[in-house]
Structure formats: structure tokens, C-alpha cells
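Peer 1: structure for this input, please:
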Amino acid sequence: MSETTTVFLVGAGPGDPELLTVKAHRLLQEADVVVYDRLVAAEILDLIPVGTSRISVGKQPRNHPIPQHEINQLLVRLAKAGRKVVRLKGGDPFVFGRGSEEALELVAAGVPFEVVPGITSASACAAAVGMPLTHRGMATGVRYLTGHCREDSDLNFDWRGLTDPATTLVIYMGMANVAQITARLIEHGADPKLPAAAINNGSTARQRHIVSTLDSLAADAKAAVFTGPVLFIIGQVVSLHALLGVAPGQAQDNEQPNAAVGS
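Peer 2: From the prediction side, this is the model:
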């Protein structure tokens, strides 16, 4: 009977293969099988050696061909068969990656696991476009939100608590519900002209972004016709993009709110 192996829940980061951690890269080279999500960049999958088994378990909004409970069971089966398993997730496994759900299933089955953190999209996208998530005098805190809830149920946030002007909001997976989110924030006291941005495929060669305001964010993001993952940043720190979003030596765009820009 095979000895049960450790499952490594590995963060692949935001997409740029150079932002993968050294440990994550080493584990990819050593794995027998890599179980990966839809949002793991192709450039990172290319780092997996030829001959290593790859299993795609990617999910899309409102389309989950492999339910989460089946993914959990797959990891248990592979580990108990003695395979060296890397569960590769976009971003960080414990930031809206359902890594904790998989970890709980592994614990229940007596399978050891280790979490290898990855750079989460909030940090990577904000850095890529010059929008610090906190800044003295503008934002003393940051809150990460998911733009959709379990089984696509209604969003149920503390909307008034989210309107603190000293807090930056970062919304993951929010494209489908951004109109509802921005409307509810304004309804509960947020400034309609609060700076806001949408970043598509952040940190990759396909990166695009728009800078807007809270009341126009949904319409501007829709007009941009993004493909791939979109992250939203809402707060005063977005205004720093005008100064920090330009590399030294480059001419600065005369960018206006609501104007779509490529990056």
C-alpha cells in the first residue's frame, strides 16, 4: 500500500511567471501531478516539466464542470496513492482561493498538507498600475471583498461599513455584480465621485486598465470589453495613479476619469 503524501496548496501569483515564489517553482519541478485552476497563467503552466501529469479543474462564473467536493476528493485520492501533488491556484490559496476548504477536507481525510503563499491579485495589480493600497493621509486600511457569493447567492455585505473613506476596497471576481456593488455603496453614503479603477489581466503582457469614478465604474468597465480576470480598486489611493502609474522617463498620459487606457 502506498504511503500518503503531502499535498502542497501552492499560490501561482497573479500571472507573471517572475512573480512565482522560488518554493512554488521548485515544487512544480518535483511534482508527479499538478492540479490547476483556470486562472493559472499559461506561462506558469509552461514551467511544469514534460511528463508531469496535469489535471485542469478550472471553474468559471456560474459554470463549475468539476464541483468543489470532487476536487477535494481528487486531492485525497492522489495523496493516498502516493503521488507528489501540487494544487496550483491563481494568486494566493487563502485569499478567495478556497484553499482553506480543500485544507479542511485533507485534514478530515488524514492527509498532510502545506500552504505555499502566492502574491495575491490585489497587491500585484495595484503595484502594476501605481495605486498603493494604503497611503498616509488617504487610506489607513484595505478590505478585500469577493464580487460573488457561494452558489451565486445575493451579496450580503455591511454596506455602510464599507463606505469608510479611509479604507481602500478591492473587489475580486466582481465583473458580473459591479453595478450592484457600486450602487449599494453610493446608496449607503459613499461619494459617487470617489476614484475607482478596473484592472484586467494584471501583471501580464495582456494587462489593461481603466480609471473612473464610483458612479461610472460599472459602465466604463463594461465599455472596455475586458476578457479574463478583472480586479476593482475603489478609494482615494486610485488618484495616485496619475503620479505613480508612469515609469521614470516616460511621458505621462493626460488621463481623465472615465477614460479607458491600455497598459
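
Peer 1: mind checking the longest helix of this structure?
Peer 2: helix 68-80 (DSSP state H).

Peer 1: average pLDDT across it?
Peer 2: Mean per-residue pLDDT for helix 68-80: 96.

Peer 1: next helix or strand past it?
Peer 2: Next helix or strand after helix 68-80 toward the C-terminus (DSSP states H and E): strand 85-89.

Peer 1: got the angle for that following strand vs helix 68-80?
Peer 2: 150 degrees (axes from the mean of the first three to the mean of the last three CA atoms, to 10 degrees).

Peer 1: and the contacts of strand 85-89?
Peer 2: 5-12, 27-28, 31-37, 40, 44, 75, 78-79, 93, 97, 99, 102, 118 (CB atoms under 8 Å, 6 or more residues apart in numbering). (C-beta placed from N, C-alpha, C; glycine too.)

Peer 1: can I get the CA coordinates of it in PDB?
Peer 2: Only the C-alpha atoms of strand 85-89 are listed here, as PDB (Å, rounded to 0.1, in the frame of the first residue of the first chain):
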ATOM      1  CA  VAL A  85       0.700  16.600  -5.500                       C
ATOM      2  CA  VAL A  86       0.800  20.300  -6.200                       C
ATOM      3  CA  ARG A  87      -2.600  22.000  -6.100                       C
ATOM      4  CA  LEU A  88      -1.900  25.100  -8.100                       C
ATOM      5  CA  LYS A  89      -4.100  28.100  -7.600                       C
END
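
Peer 1: averaged pLDDT, that strand. What do you get?
Peer 2: Strand 85-89 shows a mean pLDDT of 98.

Peer 1: picking that back up, now intersect the contacts of strand 85-89 with the strands, please.
Peer 2: Counted as lying in strands by DSSP state E, out of the contacts of strand 85-89, are 7-11, 33-36.

Peer 1: out of the residues you listed, who's the most crowded?
Peer 2: Greatest neighbour count in the ones in strands among the contacts of strand 85-89, by other CB atoms under 10 Å, goes to Val10: 31 neighbours.

Peer 1: report the beta-bridge partner residues of that one.
Peer 2: Beta-bridge pairing of Val10 under DSSP bridges involves Leu88, Val116.
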